[in-house]
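Colleague: With the input below, show me the fold.
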Amino acid sequence: MRKFLHTFTINAGIDRVWEFYTDLHHLNVITPRQLQLRVDNAISQKLAAGHRVSLSGRFVTRRTWNTDITYLGPYVYVDEMKNGPFKQWKHTHTFKKISDNETEVVDDIDFELPYGVIGRLFEGYATSQLAKIFDHRQEATKAALENHS
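Modeller: Numbering: from 1, shown residues only. Coordinates of the predicted model:
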């Protein structure tokens, strides 16, 4: 299992950041366009524990997968991908209040690529691609939430 960690601070209150990230519409805002991410099916636009979200996107070829919200508590939620581009994927989203108008966003991901030893050869590449995606998410989140109180 490989670990990927991305952290940034945003000039926005924790409740505003939480509301943004727990609404599925945020995916359209923070995902790089070339991934062509699309929500295909969801119980509601608001995340809740036990919900399954069906997504599709372009990872070399167009793929479809499900992600389950396995935990949702105050300022933390976990999504676990099923049958997607990763053999295993557990993404813990944590939001920490720094001050009234400053929040730390932490994305902690444990993942494994398919194809055993061959997949492990590509873990470094996958990690570098995740870094690009999450750098984009950071900038897009800031553009969406900062200076818009």
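Colleague: Could you use CA atoms for every contact and neighbour count after this?
Modeller: Fine.
Colleague: Can you list the buried residues in the helix ranked longest in the chain?
Modeller: Ranked by residue count under DSSP state H, the longest helix found in the chain is helix 123-145. For helix 123-145, burial by neighbour count (16 or more other CA atoms under 10 Å) applies to 123, 126-127, 130, 134-135, 137-138, 140-142, 145.
Colleague: Which strands and helices lie in contact with that helix?
Modeller: Packing partners of helix 123-145 (3 or more CA pairs under 8 Å, 6 or more residues apart in numbering; DSSP states H and E): strand 2-10, helix 26-30.
Colleague: And the shortest one, what does it pack against?
Modeller: Other helices and strands packing on helix 26-30, by 3+ CA pairs under 8 Å, 6+ apart, are helix 123-145.
Colleague: relative orientation of the helix it packs on and strand 2-10 in degrees?
Modeller: If you take axes from the mean of the first three to the mean of the last three CA atoms, to 10 degrees, helix 123-145 sits at 20 degrees to strand 2-10.
Colleague: wait, doesn't residue 31 sit right on residue 133?
Modeller: Yes - between residue 31 and residue 133 there is a contact under CA atoms under 8 Å: 7.2 Å.
Colleague: Quick one: find the helix or strand in this protein with the lowest mean pLDDT.
Modeller: Least confident helix or strand, the chain: helix 116-121 with a mean of 84, by mean pLDDT, DSSP states H and E.
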